[in-house]
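Q: Coordinates for the following, if possible.
(2 chains)
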Amino acid sequence: MKGIEVRREELMRMISSLEAVLRMKVEPFTVEVRPLLERLRRIVEENRDAETLVLDAEALYRVSVVLALQQKAIVQSASSLFVDAQIVASKVIGSPPVALAGVFLLAWRPLVRIEQVSNPLLLRGYEHFLSLPTRGVVQPEPTSGGAVGAEWAVHEQRFEEELKRLLEELRSRGDWVDYWSFLSEVGGSSRAKVAYLLSFLITRGDVEVRYNPLTEELRIRAAERREDSGDQRTSLVVTVR
Amino acid sequence: MAIAAALILTSGHRQPGVRGWELRRRLGKNYPKVLEALDSRLKRIGLRLKVVHEDDSQDPDRARYYVVVAEPLALSDLTTLGYSIDEVAVLAATLAYLYASNDRRPYKEVVELLETKYPKWRVESILERLIRRGYLVRTEDDQLVVGWRSRVEVDKQELLRAIASLGKFPSGEQPPQPEADSAPSEDQT
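A: Sure thing, here's the model as predicted:
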């Protein structure tokens, strides 16, 4: 019985040492596979109980992984013609840069590629551009000119009215309300627009914001009294989900 | 053949070349035959088709196809191409060192090796340029790794053979030029 325990311990030691080789990525040839396999065979022949077989299978699996690493190392060494880093370093140190550049040219075949736009390609791009739908009328820059200035003033007035309406809506809620719920309730399908308007009100100080970093709760309410002094204005970036 | 050449040469991706499955989609299942014909046509003007397999599989659909120069260049061509001899020397030393170390080595260690030839600031600036050009990659754990462009342009074994034979030639003299391959080269990375 004691012998079985000793063999199991031996198997577990083998497994842990193989695991260390795999985990610490040490040289795979430090493991001598043949004696290890012979020892595994002897242990299995002597004890055929389930636990020993399981441990044996586990050790065998790790041996196979080490073998795969050894094979990979051989392939890599062969592909680098068994020239190791020390030899390369000594050659680099002992050779002038011109000689290094010279030997590089023997192995170097630069890539050929064309980086140019052809006329047919440009034409196709232009056709695609023309086929795109128009995104809307671009608003001209406000100028001091009479007609344009008047039009701009109308837009601004309309915008102010919308801000005022939104502020009244928020004020009617009374106390603090959840920002996202407010957006959904008031904005409906145009939540982005309400968020945009709210950002103006917040910047002006007409709306107060309270953020709880623990619950990530964002609450807003209409400020009781708006201060007109521009110095106290603050900006707040609000993302719209 | 013209379509194949256009696809391979004018690929608009950050990385040039085109994958086999992209050629199959455009040229049909017989695209390897088209590529063979293209390769023989390219050889007449000193170019050739290069196939780079990016994994263990030899599946032509998953390989990447490039056009490269067929014959070695001369030292005097380097400045025309926009490279300095120092840059190429650093690239040669670094690649040979990486190839002999399973394609990766700590950045610091490579800089120390190159500092035997150039001041540190010069080494770092050249390495930075080579990284930008895709010849080398600096990983997050500060390792220097062989880049995609070196896999395409540089013959690993040829470089190591040439580096190993460096002391056998009088200083500054270039070793004999290798003969150009007659078949399309295949490189497995």
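Q: After the biggest helix by length in chain A, heading C-terminal, what element do we hit next?
A: In chain A, ranked by residue count with DSSP state H as the criterion, the top helix is helix A:50-79. Moving toward the C-terminus from helix A:50-79, the next helix or strand (DSSP states H and E) is helix A:85-94.
Q: Report the buried residues of that next one.
A: Residues of helix A:85-94 classed as buried: A:85, A:88-89, A:91-92 (neighbour count, 16 or more other Cβ atoms under 10 Å in any protein chain shown). (Each C-beta comes from the backbone N, C-alpha and C, glycine too.)
Q: for stretch A:55-73, same thing?
A: Neighbour-count burial for stretch A:55-73 flags A:55-56, A:58-60, A:62-63, A:66, A:69 (criterion: 16+ other Cβ under 10 Å).
Q: roughly how far out does it sit from the chain middle?
A: Distance of stretch A:55-73 from its chain centroid, counting by Cα atoms, centre = their mean, to the nearest Å, is 34 Å.
Q: contact partners of that stretch?
A: Here stretch A:55-73 makes contact (Cβ atoms under 8 Å, 6 or more residues apart in numbering or on different chains) with A:8, A:11-12, A:14-15, A:18-19, A:21-22, A:27-29, A:31, A:33, A:36-37, A:40, A:43-44.
Q: Just the buried ones from these, in ChimeraX syntax?
A: Burial among the contacts of stretch A:55-73 is assessed by 16+ other Cβ under 10 Å; the matching ChimeraX selection reads:
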select /A:8,11,14,15,18,21,28,31,36,40,43,44
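Q: Can you report phi and psi for B:Val67?
A: For B:Val67, the backbone dihedrals are phi -110, psi 130 (criterion: degrees, to the nearest 10).
Q: which non-adjacent residue is nearest it?
A: Sequence neighbours aside, A:Val112 is the residue nearest to B:Val67 in space, at 4.5 Å (criterion: Cβ to Cβ, 6 or more residues apart in numbering or on different chains).
Q: Could you check how far that neighbour is from B:Ala5?
A: 10 Å (Cβ to Cβ, to the nearest Å).
Q: just A:Leu53 next, same as before
A: From A:Leu53 across to B:Ala5, the span is 61 Å (Cβ to Cβ).
Q: Am I right that B:Val145 sits in a helix?
A: No. Counting by DSSP: H, G, I helix; E, B strand; the rest coil, B:Val145 falls outside a helix, being strand.
Q: neighbours around it, how many?
A: Residues contacting B:Val145 under the criterion other Cβ atoms under 10 Å in any protein chain shown number 16.
Q: Look at it and report its pLDDT.
A: Model confidence at B:Val145, given as pLDDT, is 94.
Q: same deal with A:Leu170?
A: Here, the pLDDT recorded for A:Leu170 equals 87.
Q: Hmm, it is touching A:Ala223, no?
A: No. Judged on Cβ atoms under 8 Å, A:Leu170 makes no contact with A:Ala223 at a distance of 9.6 Å.
Q: Comparing A:Leu53 and B:Ala5, which residue is more hemmed in?
A: Each of A:Leu53 and B:Ala5 has its neighbours counted (other Cβ under 10 Å); B:Ala5 has more, 18 against 13.
Q: Nearest residue to the more buried one in space, please, no chain neighbours.
A: In this structure, B:Ala5 finds its nearest non-sequential neighbour in B:Leu38, 5.9 Å apart by Cβ to Cβ, 6+ apart.
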